[in-house]
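K.L.:
structure of the sequence below:
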Amino acid sequence: MTEPKMTKALMAKLFVQVVVWFGLMGVLLFVSAGTLAWTAAWLWLIEWALCGVWIGLWLGREDPGLLVERLAPFAQRTQQPWDRVFMLCVSVGFCAWLCLMGIDAVRMGWSRVPLWLSVLGAVFIFVDIYATRAVFAANRFAAPVVKIQSERGHTVSDTGPYAYVRHPMYGFALLFLAGTPLMLGSWWGLACVPVMVVGIGYRAVREEQTLAENLPGYREYLARVRYRFVPGIW
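P.N.:
All right, here's what the predicted structure looks like:
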């Protein structure tokens with residue numbers, strides 16, 4: 001299969017998707033907060049959007065085929081059935097999480113997160129997004145859903161961060177999960193993170209089972225690389 005090229009249509013799709021997500025997440029945050037006067041939420045949205053465009057443009061130049069995969073829907077025909085259910089739960093849970101933080105940090109004012117921790121949260125988010133570049137550079141099959149990309153010549157990725165952990169994107173995502181409630185000023189949002197980590201861990205295990213059964217060489221990779229998210233921990 002011929003790999004896609006970077007085109008104006010692909011870039012337009014990137015910008016449209018960023019704008020749509022910016023609008024959707026903005027609605028969830030500001031409606032739950034009951035006001036638009038929430039500086040932390042505006043900064044979080046701007047950081048997310050700018051970093052998303054930056055990574056998207058970089059990926060469009062370096063690997064347009066992977067950008068096409070990253071912009072694809074979270075429900076796909078070739079996706080594992082269990083992963084469709086998982087991604088539906090993730091979508092609903094993420095929306096509820098944003099609403100909870102709006103209610104907690106602004107509408108009810110239950111949480112008071114120190115400024116320095118909010119700044120640290122913003123740093124965590126940037127580090128996560130920046131580190132994701134290394135993941136994409138090492139794995140051109142890093143689709144957002146669990147599937148075997150036979151049409152793209154799917155092979156095992158074992159270089160870069162994949163030489164140290166099996167799921168570096170999930171490992172880096174822990175920074176995003178911790179950084180978001182800190183930046184938005186919600187202790188209740190932070191309290192939800194352990195549950196989300198368990199969910200990601202479940203997906204990692206199921207993903208490994210799928211790849212071990214269907215992707216040549218993946219069982220050998222599992223034997224070489226012991227840890228999933230963080231070297232020396234899990």
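K.L.:
can we go C-alpha only for contacts and neighbour counts from here?
P.N.:
Fine.
K.L.:
confidence score at the closest residue in space to Trp110 that isn't next to it in sequence?
P.N.:
Spatial nearest neighbour of Trp110, chain neighbours left out: Asp104 (5.4 Å); criterion: Cα to Cα, 6 or more residues apart in numbering. On pLDDT, Asp104 comes in at 98.
K.L.:
could you do Arg77 as well?
P.N.:
Taking Arg77 on its own, its pLDDT is 83.
K.L.:
same question, Trp234
P.N.:
84.
K.L.:
for it, what are its contacts?
P.N.:
Tyr227, Arg228 (Cα atoms under 8 Å, 6 or more residues apart in numbering).
K.L.:
SS state for the closest residue to Thr132 other than its chain neighbours?
P.N.:
Nearest residue to Thr132, sequence neighbours excluded (Cα to Cα, 6+ apart): Met169, at 6.3 Å. Classification of Met169 using DSSP: H, G, I helix; E, B strand; the rest coil returns helix.
K.L.:
distance of Met169 from Arg140?
P.N.:
13 Å (Cα to Cα, to the nearest Å).
K.L.:
ditto for His167
P.N.:
14 Å.
K.L.:
one more: Leu182?
P.N.:
Distance from Leu182 to Arg140, by Cα to Cα: 31 Å.
K.L.:
between the two, which one's more packed in?
P.N.:
Leu182 (25 against 21; other Cα atoms under 10 Å).
K.L.:
that one reaches Leu117, doesn't it?
P.N.:
Yes. Leu182 is within contact range of Leu117, at 6.0 Å (criterion: Cα atoms under 8 Å).
K.L.:
show residues contacting the lowest-mean-pLDDT helix or strand in the chain.
P.N.:
Here the helix or strand of the chain ranked lowest by mean pLDDT, DSSP states H and E is helix 64-70, holding a mean of 92. Helix 64-70 is contacted from outside by 3-6, 10, 56, 59-60, 136, 140-144, using Cα under 8 Å, 6+ apart.
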